[in-house]
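> Please work out how this folds:
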Amino acid sequence: MSTRARYWLLQIPSWVLLILVLGFAHEWFDLPAWVGGLILVLWVVKDAILYPILKPGYETATKTGLERLVGLIGLAKQDLNPEGYVLVNGELWRAIADPPDKAIPRGADVKVNATDGMRLTVSEVADPDHR
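This next block holds a predicted model:
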């Protein structure tokens, strides 16, 4: 289901509640029907205006935790032969070279390929102009 469809479907309960409240106000307080209709239209317009702001909260494909590191470029802080430490996104991480039989020298740029627990699997970036 798309993010837009999810957002609009989750707005339906608030619209139903608003219709019930407006119906009650019409019966008990003689609220004109056109005022109730205007309030309902303004409520839907408010939801449409807020959609771009709230859209990230309705997305399900958002990477969280260690998944967000996959694909980032880091710096080998020591020789990875096959394990060592890399600096990624300003944080020091334990890493293993991919493939494990190819050592990565200290100071080399590395790309995060995967995560395994709290350890990253990295490979050396061959292109010096990757940035």
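
> Any idea how far apart the tips of stretch 81-95 sit?
Start-to-end span of stretch 81-95 (C-alpha to C-alpha, to the nearest Å) is 10 Å.

> what's it in contact with?
Here stretch 81-95 makes contact (C-beta atoms under 8 Å, 6 or more residues apart in numbering) with 69, 72-78, 80, 96-97, 100-101, 103-104, 106, 110, 112, 118-122. Just so you know, the C-beta spots here come from the backbone N, C-alpha and C atoms, and that holds for glycine as well.

> Which of the residues you listed are buried? Put it as a ChimeraX command.
The buried subset of these, as determined by 16 or more other C-beta atoms under 10 Å, is captured in ChimeraX by this line:
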select :69,74,76,80,96,97,104,110,112,120,121,122
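
> among the contacts of stretch 81-95, which are in strands?
Among the contacts of stretch 81-95, the members found in strands (DSSP state E) are I73, G74, L75, A76, I96, A97, V110, V112, R119, L120, T121, V122.

> Now for D98: which residues touch it?
N113, A114, T121, V122, S123.

> Buried ones in the helix or strand containing L40, by neighbour count?
If you go by DSSP states H and E, L40 is part of helix 33-58. By neighbour count on 16+ other C-beta under 10 Å, the buried set for helix 33-58 is G36, W43, D47, Y58.

> Out of the residues you listed, the closest to A5 would be?
Lowest distance from A5 to the buried residues of helix 33-58 (C-beta to C-beta) belongs to Y58, with 9.5 Å.

> these two touch, right, I39 and L18?
Yes: under the contact definition of C-beta atoms under 8 Å, I39 touches L18, with a separation of 7.3 Å.

> Which neighbours do the two have in common?
By C-beta under 8 Å, 6+ apart, no residue touches both I39 and L18.

> Torsion angles phi and psi at D30?
phi 60, psi 40 (degrees, to the nearest 10).
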